[in-house]
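Novice: Structure of the sequence below:
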Amino acid sequence: MPQERKRNSQDLANFLGDRSNSSPDWQTQLTAVARRFDQEYRRESFDLPPEVEAMPIFREWAGGSLAARIASPFWEIAQPRKQQRCLDIGCGVSFLIYPWRDWDAFFYGQDISEVARDTLNARGPQLNSKLFKGVQLGGAHRLNYEEQFDLAIATGFSCYYPLDYWSTVLSEVKRVLKPDGLFVFDVIDPDSAIAENWAILETYLGAEVFLEPLTDWEKTIQVASAKVVKKQPGELFQLYKVRFT
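Specialist: Predicted coordinates for the structure are as follows:
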């Protein structure tokens, strides 16, 4: 097992290292986020101080109810349509959770977590070999695709990176989208009642959270030559659907 983890870490370093053109600050955060989610997907325990474990939001997270409460239902503002090519960035194990077979849309994924990549690449073809097109390992700032997609999705992870990183993500997404393609992603609403406690929990789990004002996010979207088509608030995250101009 130690040798396997060492080899997998080297695989990730190849994606996040010199070839990624990421700054040192990005590299540190990318590595931390990958480690945090690999640990959760492996169901390994986290060593947290008692005061964090006493927080109600920790008990929800540990009990498994928090994820469903804060998940962003991207399909409510941009449901994948039949035969569309869809790229799920930071996909986790979403192909096993969301109704891709009902949508009859082609699923392509990219994730920073080796465990998520390996799990989906092993189980996805068994679930539906026609719709599942595979998952690549890597950060959202360097998409390992040349295909032109109808829809790109990125939920649940923008909060772990500064706005300048997300500017690069927007540029990459624009590169792989068709001219009329849509991009759906979510950002934390820092005014949410649970935003601060959630950020504290995530920081102790190993991934620092950036609480940026929504106005700054919308300026970043505008600078990237993208237009907000629709937005939808949630309990923690706000969804944006944008089209590049």
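Novice: Check which helices and strands the strand ranked longest in the chain is in contact with.
Specialist: Ordering each strand of the chain by length in residues (DSSP state E) puts strand 177-188 first. Strand 177-188 sits against strand 149-154, helix 163-176, helix 195-205, strand 237-244, with contacts defined as 3 or more Cβ pairs under 8 Å, 6 or more residues apart in numbering; DSSP states H and E. All C-beta spots, glycine's among them, are computed from the backbone N, C-alpha and C.
Novice: Quick check: next helix or strand after the lengthiest helix in the chain?
Specialist: Ranked by residue count and defined by DSSP state H, the top helix of the chain is helix 24-41. Downstream of helix 24-41, the first helix or strand assigned by DSSP states H and E is helix 50-53.
Novice: so what pLDDT did the residue sitting furthest away from the middle of the chain get?
Specialist: Residue farthest from the centre of the chain, counting by Cα atoms, centre = their mean, is P50 at 28.7 Å. If you check P50, the pLDDT there is 97.
Novice: quick one: low-confidence ranges for this structure?
Specialist: Counting by pLDDT under 70, the low-confidence segments of the chain come to 1-24.
Novice: switch to 80 and redo it
Specialist: Counting by pLDDT under 80, the chain shows low-confidence ranges at 1-25.
Novice: tell me, how many neighbours does E218 end up with?
Specialist: Counted with other Cβ atoms under 10 Å, the neighbours of E218 add up to 16.
Novice: mind checking the SS state of it?
Specialist: Using DSSP: H, G, I helix; E, B strand; the rest coil, the structure places E218 in helix.
Novice: can you pull the contacts of it?
Specialist: Listed by Cβ atoms under 8 Å, 6 or more residues apart in numbering, the contact partners of E218 are V228.
Novice: Equivalent analysis for the one 10 residues further on, please.
Specialist: For V228, the residues meeting the contact criterion (Cβ under 8 Å, 6+ apart) are E218, I221, Y240, K241, V242.
Novice: does the fourth one really touch I77, like I thought?
Specialist: Put plainly, it is K241. Yes. With contact defined as Cβ atoms under 8 Å, K241 and I77 form a contacting pair (4.9 Å).
Novice: who touches both of the two?
Specialist: Counting by Cβ under 8 Å, 6+ apart, the residues touching both K241 and I77 are V184, K230.
Novice: ok, the residue nearest to the spatial centre of the chain - contacts?
Specialist: Most central in the chain under Cα atoms, centre = their mean is G90, positioned 3.1 Å from the mean C-alpha point. G90 is in contact with Q110, D111, I112, A140, A154, T155, G156, F157, counting by Cβ under 8 Å, 6+ apart.
Novice: Could you point out which of those is nearest to D164?
Specialist: Each of the contacts of G90 was scored against D164 by Cβ to Cβ, and A140 proved nearest at 13.2 Å.
Novice: before we move on, which element is the closest one in?
Specialist: Counting by DSSP H and E, A140 is found in no helix or strand.
Novice: burial of it, as a residue count?
Specialist: With other Cβ under 10 Å as criterion, A140 counts 24.
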